[in-house]
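J.: Here's my sequence, what's the structure:
(one chain, ligands or ions: 1)
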Amino acid sequence: MPPIPDQRTRRIAENEVVFREINERLERDLRAVSADETERFAFVCECGRQDCELTIDLTFDEYERVRADPLHFAIVAGHDEPDVERVIETHERYVVVRKHESTRPIVEWTDTRER
Ligand SMILES: [Zn+2]
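T.: As a prediction, this is how the structure comes out:
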C-alpha cells in the first residue's frame, strides 16, 4: 500500500481529477465534430487550484499522450505544486506534471478509461 496522502495532497489531487473529467468529456464531444488531428482545442488547465480558469491549447494527440498515464496532468506553466507533483515535460503551451505515488489511489480510481 502506498502511504496515505495528507489532506492538502488529497485536495489538490481531487481538484485535478475534476478538471481531468471536464477535459475527458470535452475531448469526447470535440471528437464527435472534428477529426482534425492537427487542430488545437482549448482544454482546461488540470492544476490543483480550485479557482483556476485558464485553458491550454492542445491537439487530441497531445492530450492523449498526457492521458496515457493516470498520474500525469497537463497544466499551465507555473501552476504546479512542487511538494505534491513534479514537472516532467515542458512544452511551449503547457507543462506535464507527474503526481506523487501517494496520490495513485485517487487519480487511478477516478480514471474511468480502460487500459
Ligand atoms: Zn491552472
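J.: List the contacts of stretch 18-38.
T.: For stretch 18-38, the external contacting residues (Cβ atoms under 8 Å, 6 or more residues apart in numbering) are 41, 43-47, 52, 59-61, 63, 67, 73-74, 110-113. In short, each C-beta sits where N, CA and C put it, glycine included.
J.: If any of those are buried, give me the PyMOL selection for them.
T.: The following PyMOL line selects those of these that are buried, judged by 16 or more other Cβ atoms under 10 Å:
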select buried, resi 41+43+44+45+46+47+52+60+63+67+73+74+111
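J.: of the contacts of stretch 18-38, list those near the ion.
T.: Contacts with the ion are made by 45, 47, 52 out of those, judged by Cβ under 5 Å from the ion.
J.: Mind putting these into a markdown table with secondary structure and pLDDT?
T.: Output for the ones next to the ion among the contacts of stretch 18-38, formatted as a markdown table (DSSP: H, G, I helix; E, B strand; the rest coil; pLDDT from 0 to 100):
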| residue | secondary structure | pLDDT |
| --- | --- | --- |
| C45 | coil | 98 |
| C47 | coil | 96 |
| C52 | coil | 95 |
